[in-house]
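> What shape does this take:
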Amino acid sequence: MALPRAILFDLDDTLIRAYAQPEEAWRRLLGTFAEPLDAPDAAAIERVRVVVMDEARTLWIDQTAAAKWRLDIPGARRLTTRRALSRLGYDDEALADQIADAFTEMRRQEYRLYPDAHTTVDALRQAGVRLALVTNGASAIQRDKIERFDLAHRFDHIQIEGEFGQGKPELAVYRHALEKLGCEACDAWMVGDNYEWEVVAPQKLGMCGIWYDPFEAGVPAAATAKPTRVIKRLAELVE
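Residues are numbered from 1 along each chain as shown. Here you go, the predicted structure:
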């Protein structure tokens, strides 16, 4: 597949591993709170994890709420953890906040650049492809990641929801990035791990939607759009 004139990259769980495999992460974190949760075994921890993640799914499936809380992920975690513990009969918002904040810090400490991220992006730049980094989230948090992983100078345009004022999957987000790159949609790819944001929405504009699926989850069963291409490693873009 010949390279396009421009590529828009997602950040979280595309260039860096940030929020992937939440089941394992929550299970591990909640295990450290077994005593205050009065959860003496793995089954008890699992009951808490299931409800915590159910509350999170309920929040994030609401597009209006999601647009608000994407700009305050730590606050969203506090809210959903409070709701989860309340459902389970705990009357301790301080404990809920402590758990949520500990999860946020654990995730931050465990951010990792995917091993082929720099080499892939650098190879694309060398090949003359115009590059944009298009990410949802708050400015300060996303800028910290971009600086931490030495990404800023690798992109011709960086667009963050908290700075631009809109986030994916709003079509204006992709249009603005394409305008900044001086490229038409038909000559551009969007690469990322979120099926709605990186496949469905970009294809509405005529872009190629390249789905990054490193954990081999497979195309969602309910998906109506098909990705232009599926990759399991970023390096596949230049191979």
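
> Nearest residue to residue 80 in space, ignoring adjacent ones along the chain?
Excluding the flanking residues, the one nearest residue 80 by CB to CB, 6 or more residues apart in numbering is residue 55, at 4.1 Å. In this view, the C-beta of every residue, glycine as well, is placed from N, C-alpha and C.

> List of residues touching the host helix or strand of the one you found?
Element membership for residue 55 (DSSP states H and E) is helix 42-61. For helix 42-61, the external contacting residues (CB atoms under 8 Å, 6 or more residues apart in numbering) are 22-23, 26-27, 30-31, 34, 37-39, 65-66, 69, 76-77, 79-81, 83-85, 87-88.

> Which ones among the residues you listed map onto strands?
In strands, judged by DSSP state E, none of the contacts of helix 42-61 are found.

> Write a ChimeraX command that selects only the buried members of those.
Only the buried entries of the contacts of helix 42-61 go into this ChimeraX selection, using 16 or more other CB atoms under 10 Å:
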select :26,27,30,37,39,69,76,77,79,80,81,83,84,85
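
> Filter the contacts of helix 42-61 down to just the ones in helices.
Among the contacts of helix 42-61, the members falling in helices (DSSP state H) are 22-23, 26-27, 30-31, 65-66, 69, 76-77, 79-81, 83-85, 87.

> Tell me the buried residues in stretch 121-141?
For stretch 121-141, by 16+ other CB under 10 Å, it's 121, 123-125, 129-138, 141.

> Go through those and name the one nearest residue 184.
Using CB to CB, residue 130 comes nearest to residue 184 of these, at 11.6 Å.

> Return the distance of the closest one relative to residue 3.
Distance of residue 130 to residue 3, computed by CB to CB, to the nearest Å: 11 Å.

> can you check residue 40 too?
The value you get for residue 40 to residue 3, if CB to CB is used, is 56 Å.

> So which of these two has more stuff around it?
residue 3 (14 against 10; other CB atoms under 10 Å).

> The more buried one reaches residue 131, doesn't it?
No - here residue 3 does not reach residue 131: they are 11.2 Å apart, not a contact under CB atoms under 8 Å.

> Overlap in contacts, these two.
Shared contacts of residue 3 and residue 131, defined by CB under 8 Å, 6+ apart, comprise residue 124.

> Now tell me what touches the helix or strand hosting residue 163 from outside.
Under the criterion of DSSP H and E, residue 163 resides in helix 161-164. For helix 161-164, contacts defined as CB under 8 Å, 6+ apart pick out 70-71, 135-140, 142, 167-168, 173, 176.

> ok, which pair from these is furthest apart?
Spatial extent of these (CB to CB) is set by the pair 140 and 176 at 20.8 Å.

> Show me how the record splits this structure into domains.
6-18+112-237, 22-110 (automatic domain parsing).

> what's the most buried one of these?
Sort the domains of the chain by mean neighbour count, taking mean count of other CB atoms under 10 Å, and domain 6-18+112-237 sits at the top with a mean of 18.

> quick one, what contacts residue 73?
Residues in contact with residue 73 (CB under 8 Å, 6+ apart) are 104, 137, 138, 141.

> I meant residue 136, not that one.
Residue 136 makes contacts with 12, 70, 160, 161, 167, 168, 197, as judged by CB under 8 Å, 6+ apart.

> Look at residue 14 and tell me its secondary structure.
Following DSSP: H, G, I helix; E, B strand; the rest coil, we place residue 14 in the coil state.

> repeat for residue 133
Classified using three-state DSSP, residue 133 is strand.

> Quickly list what it is bridged to.
Note on residue 133: beta-bridge partners residue 9, residue 158, judged by DSSP bridges.

> isn't it right next to residue 143, touching?
No - counting by CB under 8 Å, residue 133 stays clear of residue 143, with 10.9 Å between them.
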